[in-house]
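1. with the input below, show me the fold.
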Amino acid sequence: MKKEQNLTPEQMIMQSNLREFAAEVGWICALEVGGKIGTEEAYRRIKDRWKKLKQSKHHLLEDPPADDAF
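-> Residues are numbered from 1 along each chain as shown. Below is the predicted model of the structure:
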C-alpha cells in the first residue's frame with residue numbers, strides 16, 4: 001500500500017469515496033438488520049452506491065480512451 005503522502009489528488013478522492021461507500025453500506029446493513037428496510041431495498045441501495053463508486057473510479061483513475069478508439 002502506498003503511503004498517503006505519495007497519493008495523487010485523484011487517488012486521495014477515490015480513497016475518500018471508498019471510505020464513504022463502506023460507511024454507507026454499514027448503515028444500510030444496520031437498517032436491514034434492524035428491520036427498518038427490507039432485504040430487496042437494502043440490496044438496491046447498495047447496488048446504487050456501488051455504481052456511483054465505479055463511476056467515480058472510472059472518472060478519477062482510468063485513462064481516457066484514445067481519440068481513434070471506437
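2. how about stretch 46-65, which residues are buried there?
-> Ile46, Arg49, Leu53, Ser56 (16 or more other CB atoms under 10 Å). Using the backbone N, CA and C atoms, a C-beta is placed for each residue, glycine as well.
3. next, the contact list for the first one, please.
-> Ile46 sits next to Val25, Ile28 when contact means CB atoms under 8 Å, 6 or more residues apart in numbering.
4. C-terminal to the helix or strand containing Arg19, what's the next element?
-> Taking DSSP states H and E as the definition, one finds Arg19 inside helix 9-33. Scanning forward in sequence from helix 9-33 by DSSP H and E, the next helix or strand is helix 39-61.
5. now that following helix and helix 9-33, what's the angle there?
-> Here helix 39-61 runs at an angle of 180 degrees relative to helix 9-33 (axes from the mean of the first three to the mean of the last three CA atoms, to 10 degrees).
6. ok, back up a step: name the helices or strands packed onto the helix holding Arg19?
-> In terms of contacts (3 or more CB pairs under 8 Å, 6 or more residues apart in numbering; DSSP states H and E), helix 9-33 is packed against helix 39-61.
7. my read: Leu53 touches Gln15, true?
-> No. If you go by CB atoms under 8 Å, Leu53 and Gln15 don't touch, sitting 11.5 Å apart.
8. flag the shaky bits of the chain, pLDDT-wise.
-> 1-4, 63-70 (pLDDT under 70).
9. need the nearest residue in space to Arg45, chain neighbours excluded.
-> Once flanking residues are discounted, Arg45 sits nearest to Ile28: 5.0 Å by CB to CB, 6 or more residues apart in numbering.
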